[in-house]
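Visitor: for reference, the sequence and a predicted model appear below.
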Amino acid sequence: MKNQKENIGRLIVATVALSLCTHLLPARAQTWSDWPKPKVTPPFREVYPLPEYTRRLNVALKEIDLSKYGNRRRPPGGFIINEVEPGSPAAAAGLKAGDVITRIGDTWLWYPLMNWPWNAGGKQRLTVVRDLKPLVIELPASAAGIKHDCYWTPLDAYTNGKQRSPKWDEHVIVGIWHRESDPKLAETAWHHAVAAGYKADFVSNMSGLEIALQQNRPEVAADFAWPLLRADRGKGEVVHPALLYRAALANGRFASMAELVRRDPHAFTKASAEGLEFLDNLTKDWAAKKNGLVSAANLARDMKRKDITATLTSDEKEDLKFLQRFSAKERVLMPAATDLEAQFEYKLPDRVNIEIILRFRYKPTDDKRSKYGKSVTFSLRDLDYSSKVRLRPVYHGSALYFQLQEYGTIHLLHSNERSTFVYRDHNIKSDSSTEITLRFVRVGRHGELQVNGNRIALLPVQEHLSNMSFILSSLGMTTEMLEFSVSELVR
């Protein structure tokens, strides 16, 4: 999980467009204009030598119960029906427990829905898969009589697919299973699967995308994702839209992000396309003059860092004590607030190039009095912008709003919309066992947000913002701040 006054503001304002917009323009053919075709298919590397890989492979296979996870005759995603109430419209229409609804009308259900696609009145046309055979069933405009869960797992796509073979079975299963939790093992497993004859398909590309994102190789992730933009859903090539959006966001491909939201509006929260369009136009304008958007972290690699944490200002005594303790390199424990936040706020200096690093652990409180979701929030507040633009009061004019919720759910929000991009990082544990590091970097017009060393957003940065304040808050969480630094980057 990772990080970010005038300049910092810019980095963050750049982030303003982080918005995962989704009430978007009329449907149209996807062009993916800012997502070029890779020159070559990205390879899977042999990260572990054969003896070490063999040892790790055998350990991993003992952890996987294929009778539970790998031999189900069902599509890789959808709404699985757990129970149908006798005498209900669903029962009358012929739906049964175990059926998987894969489409409602023309809306695919390969992912958890942010916006339910039922139409008011009339009947709903459902595409249902039963024992891997598709059926079309009409149902009144109601889900009454159905109890269901949403699921999505690429392991089912492989085990029920045409490429399954004992030649590479163990490698592929481990490669899919550990694509997030152990990307080195997963990549090596896929290397051996390809060497044994496995042909690249949407399952291998999807795994490669997730592996590369976990390894902070976002450009490689984009190359793996390119063919997935064109996957044939009608043939069961199911790719979670959020995966493609993550790859686009990590590479600053805002036009394609908007296209993804247009194509799958029900996969994303309702928001405006303005943020994405703004950043896309800004990026195009800069690209016409210079070389386009590049990694701020790479630009900062050879720059000197001047710690300016001690120079931050605050109007509140408690906030000032908070900063002073960090300046003395002490750890700071933010208590678990209930109905109110434990919050600290301070002004950022006006610097051209800047880096903010936050390292912490967090754990939800057992206190039941909190009225709100448990979360840790880091935001940059643009005080000038909030006085000019009508914003939802709860966000107080944040130019960047990064929220880590319970169970590793990440929310990235921009300044004038409540809803933006949301995804789950399964490697983050809210039990004080996992250290989380956020890093915000801004160099010139280039901005970057990293979480645990992995780039999650590449952003253009406006240059006219100033009067920025940085806020840390904890709601329903006990947050142990292990490190906090604000550094000026000097060439």
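Guide: Received the coordinates, thanks.
Visitor: how many other residues sit next to the closest residue to residue 200 other than its chain neighbours?
Guide: Among residues not flanking residue 200 along the chain, residue 41 sits closest, at 6.0 Å (CB to CB, 6 or more residues apart in numbering). C-betas here are computed from N, CA, C, even on glycine. Residues within reach of residue 41, counting by other CB atoms under 10 Å, total 14.
Visitor: name the helix or strand for residue 41, please.
Guide: In the assignment (DSSP states H and E), residue 41 maps to no helix and no strand.
Visitor: could you report the distance from it to residue 220?
Guide: From residue 41 across to residue 220, the span is 11 Å (CB to CB, to the nearest Å).
Visitor: same check on residue 318?
Guide: The value you get for residue 318 to residue 220, if CB to CB is used, is 45 Å.
Visitor: pick out whichever of these two has more residues nearby.
Guide: More crowded of residue 318 and residue 220, by other CB under 10 Å: residue 220, with 20 against 10.
Visitor: pLDDT wise, what is the more buried one at?
Guide: Looking at residue 220, its pLDDT stands at 97.
Visitor: mind listing what it touches?
Guide: Each residue near residue 220 by CB atoms under 8 Å, 6 or more residues apart in numbering is listed here: 42, 208, 212.
Visitor: now do residue 404
Guide: 1, 362, 375, 376, 377, 410, 411, 428, 436.
Visitor: between those, which is nearest residue 159?
Guide: residue 428 (27.9 Å; CB to CB).
Visitor: isn't the closest one right next to residue 436, touching?
Guide: Yes - in this structure, residue 428 is within contact of residue 436 by CB atoms under 8 Å, at 6.4 Å.
Visitor: pLDDT weak spots in the stretch 201-350 of the chain?
Guide: Within the stretch 201-350 of the chain, the segments meeting pLDDT under 70 span 269-275, 277-279, 282, 286-291, 336-341.
Visitor: quick one: the strands in it?
Guide: 304-307, 332-334, 342-347 (DSSP state E, counting those that start in this stretch).
Visitor: compare those strands and give me the one nearest residue 180.
Guide: Smallest distance to residue 180 across the strands of the stretch 201-350 of the chain (CB to CB): 28.2 Å, for strand 332-334.
Visitor: name the strands paired with that closest one and say parallel or antiparallel.
Guide: Strand 332-334 has its sheet partners listed here by DSSP bridges as strand 477-490 (antiparallel).
Visitor: just the C-alphas of the partner strand, formatted as PDB.
Guide: Listed in PDB are the C-alpha atoms of strand 477-490, where the atom choice follows Å, rounded to 0.1, in the frame of the first residue of the first chain:
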ATOM      1  CA  MET A 477      -8.600   0.300  13.900                       C
ATOM      2  CA  THR A 478      -5.600   0.200  16.100                       C
ATOM      3  CA  THR A 479      -2.800   1.500  13.800                       C
ATOM      4  CA  GLU A 480       0.800   1.300  14.700                       C
ATOM      5  CA  MET A 481       2.800   3.800  12.700                       C
ATOM      6  CA  LEU A 482       6.300   2.400  12.300                       C
ATOM      7  CA  GLU A 483       7.700   5.000   9.900                       C
ATOM      8  CA  PHE A 484       6.600   8.400   8.500                       C
ATOM      9  CA  SER A 485       8.800  10.600   6.300                       C
ATOM     10  CA  VAL A 486       8.400  13.500   3.900                       C
ATOM     11  CA  SER A 487      11.500  14.100   1.800                       C
ATOM     12  CA  GLU A 488      12.400  16.700  -0.800                       C
ATOM     13  CA  LEU A 489      13.900  15.100  -3.900                       C
ATOM     14  CA  VAL A 490      16.900  17.000  -5.100                       C
END
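Visitor: residue 437: what secondary structure?
Guide: Under the three-state scheme (DSSP: H, G, I helix; E, B strand; the rest coil), residue 437 adopts strand.
Visitor: read off the pLDDT value for it.
Guide: Taking residue 437 on its own, its pLDDT is 94.
Visitor: what is the burial count for it?
Guide: 17.
Visitor: which residues touch the residue nearest to it when sequence neighbours are not counted?
Guide: Nearest residue to residue 437 in three dimensions, chain neighbours excluded: residue 359, at 4.6 Å (CB to CB, 6+ apart). By CB under 8 Å, 6+ apart, the residues touching residue 359 are 435, 436, 437, 438, 481, 482, 483, 484.
Visitor: turn the residues you listed into a markdown table, including distance to residue 353.
Guide: Shown next, in a markdown table, are the contacts of residue 359 (distance: CB to CB, whole Å):
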| residue | distance to residue 353 |
| --- | --- |
| 435 | 26 |
| 436 | 24 |
| 437 | 20 |
| 438 | 18 |
| 481 | 24 |
| 482 | 25 |
| 483 | 20 |
| 484 | 19 |
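Visitor: the residues you listed, buried ones only, as a ChimeraX selection?
Guide: To isolate the buried members of the contacts of residue 359 in ChimeraX, using 16 or more other CB atoms under 10 Å:
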select :436,437,438,481,484
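Visitor: out of the contacts of residue 359, which one sits closest to residue 401?
Guide: Once CB to CB is applied, the member of those that ends up nearest residue 401 is residue 438, at 12.6 Å.
Visitor: doesn't residue 448 make contact with the closest one?
Guide: No - the pair residue 438 / residue 448 is not scored as a contact, 11.6 Å apart, by CB under 8 Å.
Visitor: show me where the stretch 201-350 of the chain has its helices.
Guide: Taking DSSP state H, counting those that start in this stretch, the helices of the stretch 201-350 of the chain run over residues 202-214, 218-225, 241-250, 254-263, 274-289, 296-300, 317-327.
Visitor: only the buried residues of the second one, if you could.
Guide: Yep, that's helix 218-225 we're talking about. Buried residues in helix 218-225, counted by 16+ other CB under 10 Å: 218, 220, 221, 222, 223, 224, 225.
Visitor: nearest spatial neighbour of the first one, skipping sequence neighbours?
Guide: Which is residue 218. residue 250 (3.8 Å).
Visitor: next up, the contacts around residue 154.
Guide: Going by CB under 8 Å, 6+ apart, residue 154 touches 76, 176, 203, 206, 207, 238.
Visitor: quick one: the helices in the stretch 51-200 of the chain, in order.
Guide: Using DSSP H, counting those that start in this stretch, helices in the stretch 51-200 of the chain cover 66-69, 89-93, 154-159, 169-177, 183-195.
Visitor: now the second one: how far from the chain's centre is it?
Guide: To tie it back to what came earlier, the one meant is helix 89-93. 37 Å (CA atoms, centre = their mean, to the nearest Å).
Visitor: can you say which helix or strand has the closest residue to residue 223 other than its chain neighbours in it?
Guide: Ranked by CB to CB, 6+ apart and with sequence neighbours excluded, the top spatial neighbour of residue 223 is residue 38, at 3.9 Å. Using DSSP H and E, residue 38 maps to neither a helix nor a strand.
Visitor: do you know how far residue 38 is from residue 199?
Guide: Relative to residue 199, and taking CB to CB, residue 38 is found at 17 Å.
Visitor: ok, now which ones touch the closest residue to residue 98 other than its chain neighbours?
Guide: What sits nearest to residue 98 in space, not counting adjacent residues and going by CB to CB, 6+ apart, is residue 81, at 6.7 Å. Contact analysis of residue 81 by CB under 8 Å, 6+ apart lists 95, 96, 97, 98, 99, 100, 101, 146, 147, 148.
Visitor: I'd like to know which of the residues you listed is nearest to residue 345.
Guide: Looking across the contacts of residue 81 and measuring by CB to CB, the closest to residue 345 is residue 148, at 43.7 Å.
Visitor: hang on, that closest one packs against residue 82?
Guide: Yes - Residue 148 is in contact with residue 82 according to CB under 8 Å; the separation is 6.0 Å.
Visitor: settle it for me: which of those two has more neighbours?
Guide: residue 148 (20 against 11).
Visitor: hey, what's the residue nearest to residue 102 when sequence neighbours are not counted bridged with?
Guide: Excluding the flanking residues, the one nearest residue 102 by CB to CB, 6+ apart is residue 78, at 4.3 Å. Applying DSSP bridges to residue 78 gives these bridge partners: residue 151.
Visitor: that concludes my questions; thank you for your assistance.
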